[in-house]
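A.B. asks: Fold the following and give me the result.
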Amino acid sequence: MMAADGGSTVMIEKEFPKTEKRKTKYDVIIIGAGPAGYTAGIYCSRARYDTLILSGVLPGGQLVNTTEVENYPGFENGIMGPDLMITMRKQAERMGTTIIDDEVIDVDFRHKPFKILTASEEYECKAVIIATGASPRKLGIVGEQTFGGRGVSYCATCDGPFFRNQEIVVIGGGDSAIEEATFLTKFGSKVHIIHRKDTLRASKVMQERALSNPKIQMHWNSVVSDIQGDQKVQNVILSDIKSGQKTTLPAGALFVAIGHEPNTKIFVDRVELDEQGYIKLQDHTKTSITGVFAAGDVHDHRYRQAITAAGFGCMAAIDVDRYLTETKS
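C.D. replies: Below you'll find the model as predicted:
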């Protein structure tokens, strides 16, 4: 939905036309509709809170761009990412959660009730759960979007097992890239690390581990300029940034590991963020604003898994229940 830009946002008081038929006051409003948001909706609704999820323009988060999900418990034969999100959405709705596919453009946490603004409506609530997630940084090259879910991936833990005995390309030079490359050696016949410089940014321990692994081959001073294939990734085109020479590298998968950006642009100066733009938690799922909670990749830059996001959604909902119970008494 939104990406962190590190800038500041000025609160603008806006008046929005009210639709008489649309309800605008809720106990809990959840911003974002990935595993964290849907799980939080299920728990809040089961606790008998009048709950609204504002899903944004792309309901389902990163999983809508994922093919088969093998590591989410409860699905013996796996499940497609979009199907998992549809199932979670239907479950939340069955519990009584209202879901509106609208994008939040601003929030006001200065006073209670909190105000949540979309392009067409103003909502009020007693508690908020921020579950807007994070977005992987993209390369912005030819073929990246075309082969998304067909060999191009942003999560080695999620998709690595699909590329057993194939040559795999990893792009990046930090700890995440080196960690993913090392993990992928469990599955790939060979792992190629592409880095635009002649030294790695990763920690010394991670570097030593990768450079001593016989299944890892380094490609220094290189960038990926194109991705080719028929129905899936078959070749990766490398360009030497010094000589401009191009090399065709046969590979079945390309993993992009150049970082993530939390979707927190509208929360700058609203809740406390860390240096990378992720929401800082004060205690479990509590943010710097009493009554505002966070769940999933919007604060979690360590695990970034569907199941951990869902777990945080559960935790946030339980914390909301405790907060609303205490404020009522």
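A.B. asks: alpha carbons only for contacts and neighbour counts from here, please
C.D. replies: OK.
A.B. asks: Can you give me the distance of the closest residue to residue 308 other than its chain neighbours to residue 303?
C.D. replies: If you skip the residues right next to it in sequence, residue 308 has residue 296 as its closest partner in space, 7.0 Å away by CA to CA, 6 or more residues apart in numbering. Separation of residue 296 from residue 303 (CA to CA, to the nearest Å): 9 Å.
A.B. asks: Have a look at these two and say which one is more surrounded.
C.D. replies: Neighbours were counted for residue 296 and for residue 303 using other CA atoms under 10 Å; residue 296 has more, 29 against 12.
A.B. asks: Looks to me like that one is in a strand.
C.D. replies: No - when DSSP: H, G, I helix; E, B strand; the rest coil is applied, residue 296 is found to be coil, with no strand at that position.
A.B. asks: shouldn't it be in contact with residue 309?
C.D. replies: Yes - A contact is recorded between residue 296 and residue 309 when judged using CA atoms under 8 Å, the distance being 4.0 Å.
A.B. asks: what touches both of these two?
C.D. replies: Shared contacts of residue 296 and residue 309, defined by CA atoms under 8 Å, 6 or more residues apart in numbering, comprise 35, 36.
A.B. asks: circling back to that earlier point, contacts only, for the residue nearest to residue 308.
C.D. replies: When contacts are counted by CA under 8 Å, 6+ apart, residue 296 is found next to 35, 36, 131, 132, 133, 304, 308, 309, 310, 312, 313.
A.B. asks: run the last query once more with 10 Å
C.D. replies: When the contact criterion is CA atoms under 10 Å, 6 or more residues apart in numbering, the partners of residue 296 are 34-37, 130-134, 285, 303-313, 316.
A.B. asks: again, but for residue 316
C.D. replies: When contacts are counted by CA under 10 Å, 6+ apart, residue 316 is found next to 36-37, 39-40, 43-44, 128-131, 284-286, 292-296, 310, 322.
A.B. asks: now the helices for the stretch 1-150 of the chain?
C.D. replies: Ranges of helices within the stretch 1-150 of the chain are 35-46, 81-94, based on DSSP state H, counting those that start in this stretch.
A.B. asks: Which among those is found nearest to residue 233?
C.D. replies: Residue 233 sits nearest to helix 81-94 of all the helices of the stretch 1-150 of the chain, at 19.5 Å, using CA to CA.
A.B. asks: Residue 41 against residue 99, yeah?
C.D. replies: Yes - counting by CA atoms under 10 Å, residue 41 does reach residue 99; the two are 9.1 Å apart.
A.B. asks: the more surrounded of these two?
C.D. replies: Set side by side, residue 41 and residue 99 show unequal neighbour counts under other CA under 10 Å, the larger going to residue 41 at 35 against 21.
A.B. asks: still on that earlier bit, against residue 304, how distant is the residue nearest to residue 308?
C.D. replies: According to CA to CA, residue 296 and residue 304 sit 8 Å apart.
A.B. asks: Quick check, pLDDT for the spatially most central residue of the chain.
C.D. replies: Centre of the chain computed as the mean C-alpha position; nearest residue by CA atoms, centre = their mean is residue 134, 3.4 Å away. What the model reports as pLDDT for residue 134 is 92.
A.B. asks: got it, and residue 155?
C.D. replies: If you check residue 155, the pLDDT there is 89.
A.B. asks: how many neighbours does it have?
C.D. replies: If we define neighbours as other CA under 10 Å, then residue 155 has 16 of them.
A.B. asks: For the stretch 151-300 of the chain, which segments are assigned as strands?
C.D. replies: For the stretch 151-300 of the chain, the strands identified by DSSP state E, counting those that start in this stretch occupy 152-153, 167-171, 190-194, 216-219, 222-229, 233-240, 246-250, 253-256, 260-262, 292-294, in order along the chain.
A.B. asks: lowest average confidence, helix or strand, in this protein?
C.D. replies: For the chain, the helix or strand with the lowest mean confidence is strand 68-69, at a mean of 82 (criterion: mean pLDDT, DSSP states H and E).
A.B. asks: Which elements pack onto that one?
C.D. replies: Strand 68-69 makes packing contacts with strand 79-80, helix 81-94, helix 156-159 when contacts are defined by 3 or more CA pairs under 10 Å, 6 or more residues apart in numbering; DSSP states H and E.
A.B. asks: In JSON lines: the ones you listed, plus distance to residue 144.
C.D. replies: Putting the helices and strands packed on strand 68-69 into JSON lines (distance: least, CA to CA, whole Å) gives the following:
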{"stretch": "strand 79-80", "distance to residue 144": "20"}
{"stretch": "helix 81-94", "distance to residue 144": "19"}
{"stretch": "helix 156-159", "distance to residue 144": "16"}
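A.B. asks: what's the closest of these to residue 71?
C.D. replies: Of all the helices and strands packed on strand 68-69, the one in closest proximity to residue 71, counting by CA to CA, is helix 156-159 (7.2 Å).
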